[in-house]
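**Student:** sequence and predicted structure, then a few things I'm wondering about:
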Amino acid sequence: MGLPLPDLLFMTWRSLTNQWLRSGLTAFGVFMGVGAVSATLNIQTITREQIEIKLAARDQPFVSPWVYSRQGPTPELDETVQKSLRDSVSEIRSISSIGNVYSIDKVQYEDQEAEIRARSVSLNYLDTTGRQVLQGRFFDQADVEQYRPVALIDEKLAESLFQEQSFLNKTIYANGNRFVIIGVMEAKSNSEWGDSGELWITQTFAQVLAGEYQWDSLQISAHSLTQINDLSTAVEAFLLQNFPQAEVYIWSNADDLLEDLEVQQIASAALTAVGLIALVIGGVGIANITIAAVLERTKEIGIRRAIGASKLEVMSQFILEAVILSLLGGAAAVATVHGLTRVATTVVIEAPYRFSSRNAALSMGAAVAVGVGASFVPALRATQIDIVKALRSD
């Protein structure tokens, strides 16, 4: 006859507690393996969130090509070249043009004055950088074609100049040039420009102001951070093919993020290897304790089979013992790693961390998989014991 589930659980627990030292050491082996896995997942999550925070604080990942010619005129990356480049390189999400307006470095509104970085941009600037217009609007075709003296400023500059006042359609003066504010954009981290606020104008109006001092470059954005290296290689190859006499240099705003990503991948690979080794050691411990349990309880197995227990029920009991040890060791590992990570990211270093149910589920899944996998063969052998020989054994 079949054994009720409560009785099966009670029998399993009694068997484990009777050999508490062996059970504890086996659970500790699982604890070490699952702890390594849980720590690896936490490190991956923290690093990924740190990269996401850095990405959110700057423009979308892009590359800027620089083409020089030592003989003859420097090639111009005009709209025809840009279209051909976009059609040739699949990693390109958007291409925009941006320039530094060196003739403008200060802006004034009434008695407020601030240093700025003035930029001229094309109409698809938002598509390339991923910036958001917080209030007002971005430039339109009429602004470009009619050389309108309109500008956008970032939120940092808006707060500095206007405090709590409304700024839309207000007039500001930048090095003697009059501009009407049509919108404000989110501020981004541009460490190469310092802490100055930013002001954007159209390229056509910048050409009138800057003349020969205007300096334009392309911003070529990728679909994702991981495509930046492929994008850089493809853009460089395209330009070298089309301008064989020129020298090509590629700059990216995501080099530091790619370095962080590479370090994270190396660290994750190392920790994953340690975790797998620890899990294997834990699995060997579970296999040993299951084999020992089968040998010690041969007569018990024979009696249970003689009174009607099925092979599946016998097998289930030994697998259940292994699963319980795995769950105990795994749960203790997840809780311990969570606590240590919380302390490390608040006391030792400041880093974004929150408990991840997904990571916990993956860690516990690894624990259960090790328990079932390691105990399956010994449990299967228990079902093959000859009943008569088992009853005669001491």
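**Tutor:** Structure's in. What do you need?

**Student:** contacting residues for the most centrally placed residue in the chain?
**Tutor:** For the chain, the residue sitting closest to the mean C-alpha position, by C-alpha atoms, centre = their mean, is residue 48 at 2.8 Å. The contact partners of residue 48, by C-beta atoms under 8 Å, 6 or more residues apart in numbering, come to residue 264. C-beta: built from backbone N, CA, C; applies to glycine.

**Student:** distance of it relative to residue 353?
**Tutor:** Taking C-beta to C-beta, to the nearest Å as the measure, residue 48 falls 11 Å from residue 353.

**Student:** so the residue nearest to the centre of the chain, which state does it fall into?
**Tutor:** Secondary structure for residue 48, judged by DSSP: H, G, I helix; E, B strand; the rest coil, is helix.

**Student:** could you list the low-confidence segments of the stretch 201-350 of the chain?
**Tutor:** When residues are selected by pLDDT under 70, those of the stretch 201-350 of the chain lie in 210-215, 297, 301, 309.

**Student:** please enumerate the helices of it.
**Tutor:** Taking DSSP state H, counting those that start in this stretch as the test, the helices found in the stretch 201-350 of the chain are 203-210, 228-242, 255-296, 298-306, 311-343.

**Student:** the helix or strand encompassing residue 120 pairs with which strands, and in what direction?
**Tutor:** Using DSSP states H and E, residue 120 sits within strand 112-121. Strand pairing for strand 112-121, determined by DSSP bridges: strand 92-101 (antiparallel), strand 106-109 (antiparallel), strand 197-202 (parallel).

**Student:** by contact count, what packs against the helix or strand that it is followed by?
**Tutor:** Under the assignment DSSP H and E, the closest C-terminal helix or strand after strand 112-121 is helix 125-129. If you count contacts as 3 or more C-beta pairs under 8 Å, 6 or more residues apart in numbering; DSSP states H and E, helix 125-129 packs onto strand 92-101, strand 214-222.

**Student:** what's the helix or strand following helix 125-129 in contact with?
**Tutor:** Counting by DSSP H and E, the element after helix 125-129 in chain order, helix or strand, is strand 133-136. The contact list for strand 133-136, computed with C-beta under 8 Å, 6+ apart, reads 126, 152, 155, 167, 168, 181, 182, 183, 184, 185, 186.

**Student:** out of the strands paired with strand 112-121, the one nearest residue 132 is which?
**Tutor:** The closest of those to residue 132 is strand 197-202. By C-beta to C-beta, the value is 13.4 Å.

**Student:** quick check: angle from that closest one to helix 203-210?
**Tutor:** Here strand 197-202 runs at an angle of 110 degrees relative to helix 203-210 (axes from the mean of the first three to the mean of the last three C-alpha atoms, to 10 degrees).

**Student:** just give me how far strand 197-202 sits from the chain centre.
**Tutor:** Mean-position distance between strand 197-202 and its chain equals 31 Å (C-alpha atoms, centre = their mean, to the nearest Å).

**Student:** send me that strand as PDB with only the CA atoms.
**Tutor:** Extracted C-alpha coordinates of strand 197-202, given in PDB (Å, rounded to 0.1, in the frame of the first residue of the first chain):
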ATOM      1  CA  GLY A 197      25.100  74.300 -19.100                       C
ATOM      2  CA  GLU A 198      24.300  73.700 -22.800                       C
ATOM      3  CA  LEU A 199      22.500  75.700 -25.400                       C
ATOM      4  CA  TRP A 200      21.500  74.400 -28.800                       C
ATOM      5  CA  ILE A 201      20.800  76.400 -32.000                       C
ATOM      6  CA  THR A 202      20.100  75.400 -35.600                       C
END
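
**Student:** next secondary structure after the host helix or strand of residue 24?
**Tutor:** For residue 24, the host element (DSSP H and E) is helix 20-56. As assigned by DSSP H and E, the chain's next helix or strand after helix 20-56 is strand 62-69.

**Student:** direction included, what does that next one pair against?
**Tutor:** Sheet pairing of strand 62-69 (DSSP bridges) gives strand 214-222 (antiparallel), strand 246-252 (antiparallel).

**Student:** any idea which of those strands is most buried?
**Tutor:** For the strands paired with strand 62-69, the largest average neighbour count (mean count of other C-beta atoms under 10 Å) is found in strand 214-222, namely a mean of 20.

**Student:** contact partners of it?
**Tutor:** Here strand 214-222 has contacts from 59-66, 77, 82, 85, 91-102, 120, 125, 127-130, 203, 206-207, 228, 230-231, 235, using C-beta under 8 Å, 6+ apart.

**Student:** on that earlier part again, quick one: closest of the helices and strands packed on helix 125-129 to residue 306.
**Tutor:** Checking the helices and strands packed on helix 125-129 against residue 306 by C-beta to C-beta gives strand 214-222 as the closest, at 69.8 Å.

**Student:** what's the angle between that closest one and helix 228-242?
**Tutor:** Using the same axes, to 10 degrees: strand 214-222 against helix 228-242 is 120 degrees.

**Student:** so where is the stretch 51-200 of the chain shaky, pLDDT-wise?
**Tutor:** Scanning the stretch 51-200 of the chain for pLDDT under 70 picks out 190-195.
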